[in-house]
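Engineer: For reference, the sequence and a predicted model appear below.
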Amino acid sequence: MLFTDFAFIGITPNTSRKSFAYAALDHNLNLLALAEGELNEIVAFIADRNSAIVAINSPSGLNRGLVRELTKKKTLTPAQVRRVELRLAEHIMREHGIAVTKTPASAALCPAWMQAGLELYRKLEKMEFQKYPEKDAPRQILETNPLAGYSVLAGQIPAARPSLEGRLQRQLILYENGVRVKDPMDFFEEITRHKMSKGIWPVELLYLPDQLDALVAAYTAWLATEKQNQVSCVGDAREGQIFVPAAELKDKY
């Protein structure tokens, strides 16, 4: 089946399996897809779209030593060197209190999920996806980060992503920003004294952490097209810039 409507797609590499969670939204923030698949499945899903903006929760480039260049006039201790072994975008995020993962200078040193993300970028570039923002390009890609995304939307660092509180918080953030997901408040309507005493929780009403990460990436892709003034980025294009769903970053989160 060939899709012709524009889609806003968010993808997050799975940290424990060689797969990806992905979400797709339409112009009205309706959920078109929410699933998991291997690399070839993801590429096939995207290939069916004539037009799409894809946001990926993974570094789009390796550390090129830009942060170290900024500090080269200083004599650094080994501990300080380790602290500057990250991309400029990651350094800026950490300066704002958002502890994003560091990207190594070599693909061989990257964890498996980062390597999978880099491979996805390469596949999409071969499919003529252009780096956002490219005016009038029907297919564009951009780098996002789920912790940064939820932090700027919440105005603070959210609860841990695997926790019940973290999942509820993330789903509520999406819901309140107009994404057509399940209302997380329904979770509480299903709780009774009996269920609580038995340890029965209606977790089927909540999305999984990887799904929530994919959803916030898809929402960022939507904002990048529909409300560009509500998206900003940090970093250097030579290493990869991180786009976040906010006009600007607070000093600290």
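Structural biologist: Cool, the structure landed.

Engineer: Next, count neighbours for the residue nearest to residue 164 when sequence neighbours are not counted.
Structural biologist: In space, not counting the residues next to it along the chain, residue 164 is nearest to residue 201; the distance is 7.2 Å by C-beta to C-beta, 6 or more residues apart in numbering. Any C-beta I mention is one placed from the backbone N, CA and C, and that applies to glycine too. Residue 201 is flanked by 14 other residues according to other C-beta atoms under 10 Å.

Engineer: do residue 234 as well
Structural biologist: Other residues near residue 234 come to 21 when the count uses other C-beta under 10 Å.

Engineer: what are the ranges of the helices in the stretch 1-150 of the chain?
Structural biologist: 39-47, 66-70, 78-84, 88-95, 112-126, 146-154 (DSSP state H, counting those that start in this stretch).

Engineer: Would you tell me which one of these is buried the most?
Structural biologist: Stretch with highest mean neighbour count among the helices of the stretch 1-150 of the chain: helix 146-154 (a mean of 23; mean count of other C-beta atoms under 10 Å).

Engineer: Other residues contacting that helix?
Structural biologist: 12, 57, 93, 98-100, 157-158, 161, 169-170, 173, 177, 212-213, 216-217, 219-220, 242, 244-246, 249-250, 253 (C-beta atoms under 8 Å, 6 or more residues apart in numbering).

Engineer: Then stretch 27-42?
Structural biologist: 5-7, 11, 14, 18-26, 45, 116, 119-120, 123, 178-181, 207, 210-211, 214-215, 219, 222, 226.

Engineer: one more time with 6 Å
Structural biologist: Residues outside stretch 27-42 that contact it (C-beta atoms under 6 Å, 6 or more residues apart in numbering): 19, 20, 21, 22, 23, 24, 26, 178, 179, 180, 211.

Engineer: ranking these by neighbours, who comes first?
Structural biologist: residue 23 (30 neighbours).

Engineer: Distance check, that one against residue 91.
Structural biologist: If you measure residue 23 against residue 91 using C-beta to C-beta, to the nearest Å, the figure is 29 Å.

Engineer: Repeat that for residue 236.
Structural biologist: Per C-beta to C-beta, residue 236 is found 10 Å from residue 91.

Engineer: Filter the contacts of helix 146-154 down to the buried ones.
Structural biologist: In those, burial by neighbour count holds for 12, 57, 93, 98, 100, 158, 161, 169-170, 173, 212-213, 216-217, 219-220, 242, 244-246, 249, 253, counting by 16 or more other C-beta atoms under 10 Å.

Engineer: Let's see which of those residues end up in strands.
Structural biologist: Members of these lying in strands (criterion: DSSP state E): 12, 242, 244.

Engineer: Now those residues in JSON lines, please, with extra columns for distance to residue 41 and pLDDT.
Structural biologist: Supplementary listing: those in JSON lines, determined by distance: C-beta to C-beta, whole Å; pLDDT from 0 to 100:
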{"residue": "12", "distance to residue 41": "14", "pLDDT": "97"}
{"residue": "242", "distance to residue 41": "26", "pLDDT": "98"}
{"residue": "244", "distance to residue 41": "28", "pLDDT": "98"}
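
Engineer: of those, closest to residue 104?
Structural biologist: Sorting those by distance to residue 104 puts residue 242 at the head of the list, at 16.3 Å, by C-beta to C-beta.

Engineer: Mind listing the residues bridging to that closest one?
Structural biologist: Each beta-bridge partner of residue 242 is listed here, defined by DSSP bridges: residue 143, residue 234.
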